[in-house]
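> pasting a predicted model and its sequence here:
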Amino acid sequence: MIVSVETQPVPRIPHDEAITIDDLGPVDDGIVHVTIQVGYREEPDVPRMLRTLDPAITGGPADLEQASYFLSHVTLQQGEAPTMARWRKRLYIATSRATADPTDHFHLPRDRTTIVGSRIAV
C-alpha cells in the first residue's frame with residue numbers, strides 16, 4: 001500500500017471524501033495507492049484512517065501493527081541565486097524549521113518510521 005497525504009486549502013474534508021483508492025496495475029499484484037485528503041486545520045491520524053479501509057478494496061487486510069512508514073522531508077538551505085533578499089531567505093528557512101515533527105503530526109509509530117530527506121537551495 002502506497003499512501004499519500006494531501007493537505008487541501010479548506011479547513012476540513014468530510015470523512016466520506018477524505019480517502020480515495022487507485023489500483024496501480026494488475027488487479028492481483030496487491031499494490032494500491034491510497035490518497036488521504038485533509039484540511040489545513042486537521043491533524044491526520046494516518047493509521048486510524050487506514051484501519052477504516054475495506055480489505056476487499058485494498059486486496060486484503062493490512063497489518064498496520066507491523067507496517068513500516070516512510071516519510072519524505074525537505075530541508076531548505078540558503079543558496080546564492082538572487083531569488084529573494086538574503087534576510088527573506090533566512091526568515092523563510094527559519095520558519096520552515098519551526099514545523100511540527102511529521103512522525104507526530106501523522107500519528108505514526110516512531111520505531112517503524114523512516115524519514116528520507118533532501119535539500120533544496122532557496
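Happy to help now that I have it. Source: prediction; values computed, not measured. Numbering: from 1, shown residues only.

> use CA for all of it now, contacts and neighbours both
Will do.

> could you confirm L91 falls within a helix?
Yes - inclusion of L91 in a helix is indicated when DSSP: H, G, I helix; E, B strand; the rest coil is applied.

> for A81, see how far away it is.
16 Å (CA to CA, to the nearest Å).

> do the same with Q66
From Q66 to A81 the distance is 45 Å (CA to CA).

> kindly report the same for E65.
46 Å.

> check D22 too.
Distance, D22 to A81, by CA to CA: 39 Å.

> the two: which has the busier surroundings?
Between D22 and A81, counted using other CA atoms under 10 Å, the more crowded position is D22 (13 against 10).

> so that one, which of the three states?
Per three-state DSSP, D22 ends up strand.

> which strands and helices lie in contact with the least confident helix or strand in the chain by mean pLDDT?
Every helix and strand in the chain was compared by mean pLDDT, DSSP states H and E; the lowest is helix 55-58, with a mean of 81. Helix 55-58 is packed against no helix or strand, with contacts defined by 3 or more CA pairs under 8 Å, 6 or more residues apart in numbering; DSSP states H and E.

> next helix or strand past it?
Next helix or strand after helix 55-58 toward the C-terminus (DSSP states H and E): strand 69-77.
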